[in-house]
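J.: sharing a model prediction with you, sequence too.
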Amino acid sequence: MPILSFSTHRDFVSWLIWSLVVISMLLMRGSTLPDVGSGGFPTDVWQSTFDPVPWFGRRLRLQWYAAWWKIRRWANQWKRWPVLVIRLWSCHNLAQVIQVLTRKQLVRHLSALPILVALLSRLRVREIINHYCPTRSPIDNGTVALVLVLNRLMAPRPLYKVVDWLATTLVAEHLGVSRFKFNDDRLGRTLDALAEQLPAIWADIQQQTLLRYKIDLSVLFYDLTALIMTGNYADSGLVDYGFAHNTPSDDPKVKLGLLASQDGGLPLLFQPWSGRTADKATVQTNMHNLRQFLQQNGWKPSQVLVVGDCANLNSELACAYQAANLRYLAGLGKLEKVHKDLILAPGDQSFKQMPLTDQTDPDGYWGVPCQVPFTFRRPHAVASRPCGALWSHAAGLTSNTQTRFAKAPDCAASDPL
């Protein structure tokens, strides 16, 4: 229910409007109007031929308009300060403060780009790619590949969005090429050219890395990972269904075997495999490629320790590692009954008598040296290799969850099987 009736409410609004008019007239009393020719504001006010209030003449209208114009100008001048204070209050760093206080600025993100550009230049990535993938285009493939590498390391984007990423960086200015030249068609053609020469390009860049940074190859890590694929790959020899840890078995996948160095985490050798390939089926191929790689870089196999997991070790592979004069470090699974008995043989007291570190608290480690036999049977031949190993036990674990690790074959070289 309204407090005021309709007629009373209308009268109240009318008196309020006329009160504002009277107050404005009193405030403008004695003031002079701006000159019409000064350009301050227009004085040609339209007036209807039908004027309901004849005594509200032209001069009074001009006075009202002049007052309103001054109020608006004063409000426009002062409203900027509260807005500026609010924007400055919301700033979190000096860069945002500068952005608020400047009317026009050019923003470019550097991040790690200066370091990456210098690193790629030192490795001669651009020159190596241009050597293997020459082109008559004014923009060489090495320059395009450099942009792709920087984008992949800094802020991965689809090919058609690389141009937008370049607009936020100084890469195009550094290369002296317009960012619009790096469209998705040009990037795709460069990737096609690189695919044909990828092994040679990778070998040269890898050689530059090993020489310039003197990478230590005494400890290497080998393992496989699975890449889930989507789409139709009916003609592919790699995309297939198979088992891989932490990936659904009902998704097609590609497996990638990777050998990396402990020093710097540098990827050295990689090999794509079909999704249905078992991990153990890749080890001897990696072993063969590794021996060639070490020979090219002046390393002996006996100087290298390959670290992996128990999924890449069985009796056949243990004998193959020893025959190749390579050392291997991995956890020992219960491959045979003799291995199971060997794992369960040492007790807690045996471990505590031989600490591996100076820590004797629950965070310490203990070990028991032993010999681990591996027997591999072939048709018409039987090979047996006793390999040195070290059982270690992490303290603080219950007897039901004891974890022991095997340090694999540290054996002298022997004849091939």
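T.: Done, it's in. Values in this document were obtained by computation on a predicted structure and should not be read as measured data.
J.: use CA for all of it now, contacts and neighbours both
T.: Noted.
J.: low-confidence stretches in the stretch 301-417 of the chain?
T.: Scanning the stretch 301-417 of the chain for pLDDT under 70 picks out 334, 360-362, 378-417.
J.: same check on the chain?
T.: Ranges of the chain meeting pLDDT under 70: 1-11, 25-58, 103-105, 334, 360-362, 378-417.
J.: I'd like to know how far K255 sits from F243.
T.: Computed as CA to CA, to the nearest Å, the K255 to F243 distance reads 10 Å.
J.: okay, and the common contacts of these two?
T.: Shared contacts of K255 and F243, defined by CA atoms under 8 Å, 6 or more residues apart in numbering, are found at G275.
J.: neighbour-wise, which of these two wins?
T.: Counted by other CA atoms under 10 Å, K255 and F243 do not tie: K255 has more neighbours, with 25 against 19.
J.: counting by contacts, list what the helix or strand harbouring that one packs against.
T.: Per DSSP states H and E: K255 is located in strand 253-261. Packing partners of strand 253-261 (3 or more CA pairs under 8 Å, 6 or more residues apart in numbering; DSSP states H and E): strand 219-228, strand 267-274.
J.: just send the ones you listed back as a markdown table, with distance to S178 too.
T.: Formatted as a markdown table, the helices and strands packed on strand 253-261 follow (distance: least, CA to CA, whole Å):
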| stretch | distance to S178 |
| --- | --- |
| strand 219-228 | 35 |
| strand 267-274 | 33 |
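J.: pick the most deeply packed of these.
T.: Scoring those by mean neighbour count under mean count of other CA atoms under 10 Å gives strand 219-228 as the most buried, with a mean of 19.
J.: so who does E173 touch?
T.: By CA under 8 Å, 6+ apart, no residues touch E173.
J.: can you give me phi and psi for it?
T.: When quoted as degrees, to the nearest 10, the phi and psi of E173 stand at phi -60, psi -40.
J.: then A345?
T.: With angles defined as degrees, to the nearest 10, A345 sits at phi -70, psi -50.
J.: same deal with the one 10 residues further on?
T.: Geometry field for P355 lists phi and psi as phi -70, psi 140, criterion degrees, to the nearest 10.
J.: so it sits right up against G367, yeah?
T.: Yes - the pair P355 / G367 is scored as a contact, 6.3 Å apart, by CA atoms under 8 Å.
J.: more neighbours: the two, which one.
T.: Counted by other CA under 10 Å, P355 and G367 do not tie: G367 has more neighbours, with 22 against 17.
J.: what is that one paired to in the beta sheet?
T.: For G367, the beta-bridge partners under DSSP bridges are S392.
J.: so for stretch 176-190, first residue to last residue, what's the gap.
T.: One end of stretch 176-190 sits 19 Å from the other (CA to CA).
J.: R377 belongs to a helix?
T.: No - counting by DSSP: H, G, I helix; E, B strand; the rest coil, R377 is not part of a helix but strand.
J.: tell me how many other residues surround it.
T.: Other residues near R377 number 11, with proximity taken as other CA under 10 Å.
J.: from L60, how far off is it?
T.: As for R377, its distance to L60 is 115 Å (criterion: CA to CA).
J.: also Y213?
T.: From Y213 to L60 the distance is 87 Å (CA to CA).
J.: and L294, its phi and psi?
T.: Main-chain torsions, L294, degrees, to the nearest 10: phi -60, psi -40.
J.: dump the residue contacts of it.
T.: Taking CA under 8 Å, 6+ apart as the contact definition, L294 lies against 300-301.
J.: show me the helices in the stretch 101-250 of the chain, by range?
T.: Using DSSP state H, counting those that start in this stretch, the helices found in the stretch 101-250 of the chain span residues 113-122, 125-132, 141-154, 162-166, 171-175, 184-196, 198-213.
J.: ok, now the stretch 251-400 of the chain?
T.: Going by DSSP H, counting those that start in this stretch, the stretch 251-400 of the chain shows helices at 283-296, 315-323, 337-344, 348-352.
J.: and the shortest one, what other elements does it pack with?
T.: Right, the one you point to is helix 348-352. The contact analysis (3+ CA pairs under 8 Å, 6+ apart) places helix 348-352 against strand 365-378.
J.: packing partners for the strand it packs on?
T.: Applying 3+ CA pairs under 8 Å, 6+ apart, we find strand 365-378 packed against helix 315-323, helix 337-344, helix 348-352, strand 381-394.
J.: now do 6 Å
T.: helix 315-323, helix 348-352, strand 381-394 (3 or more CA pairs under 6 Å, 6 or more residues apart in numbering; DSSP states H and E).
J.: picking up where we left off before, quick check: which of the helices of the stretch 251-400 of the chain is buried the most?
T.: helix 315-323 (a mean of 21).
J.: what helices or strands is it leaning on?
T.: Contact analysis of helix 315-323 by 3+ CA pairs under 6 Å, 6+ apart lists strand 365-378 as its packing neighbours.
J.: buried ones in the strand it packs on?
T.: Neighbour counts over strand 365-378 (16 or more other CA atoms under 10 Å) mark 365-368, 372-376 as buried.
J.: make TSV out of the helices of the stretch 251-400 of the chain and add distance to N76.
T.: TSV is the format used below for these (distance: least, CA to CA, whole Å):
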stretch	distance to N76
helix 283-296	74
helix 315-323	82
helix 337-344	84
helix 348-352	82
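J.: what's the closest of those helices to L159?
T.: Closest of the helices of the stretch 251-400 of the chain to L159 is helix 283-296, at 32.9 Å (criterion: CA to CA).
J.: outline the domain layout of the chain.
T.: As assigned by automatic domain parsing, the chain contains the domains 1-30, 33-103, 113-200, 218-312, 331-417.
J.: on that earlier part again, closest to S121 out of the helices and strands packed on strand 253-261?
T.: strand 267-274 (19.0 Å).
J.: does anything pack onto that closest one? Which helices or strands?
T.: Applying 3+ CA pairs under 6 Å, 6+ apart, one finds that strand 267-274 contacts strand 253-261.
J.: what's opposite V254 in the beta bridge?
T.: The partner residues for V254, given DSSP bridges, come to L227, S274.
J.: what's the spacing between it and L227?
T.: Between V254 and L227 the computed distance is 5 Å (CA to CA).
J.: cool, and V13?
T.: Going from V13 to L227 by CA to CA gives 74 Å.
J.: over to I115?
T.: From I115 over to L227 (counting by CA to CA), the distance is 30 Å.
J.: once you drop chain neighbours, what's closest to V125?
T.: Leaving aside its sequence neighbours, V125 sits nearest to I205 (CA to CA, 6 or more residues apart in numbering; 6.5 Å).
J.: for Y132, see how far away that neighbour is.
T.: I205 is 12 Å from Y132, by CA to CA.
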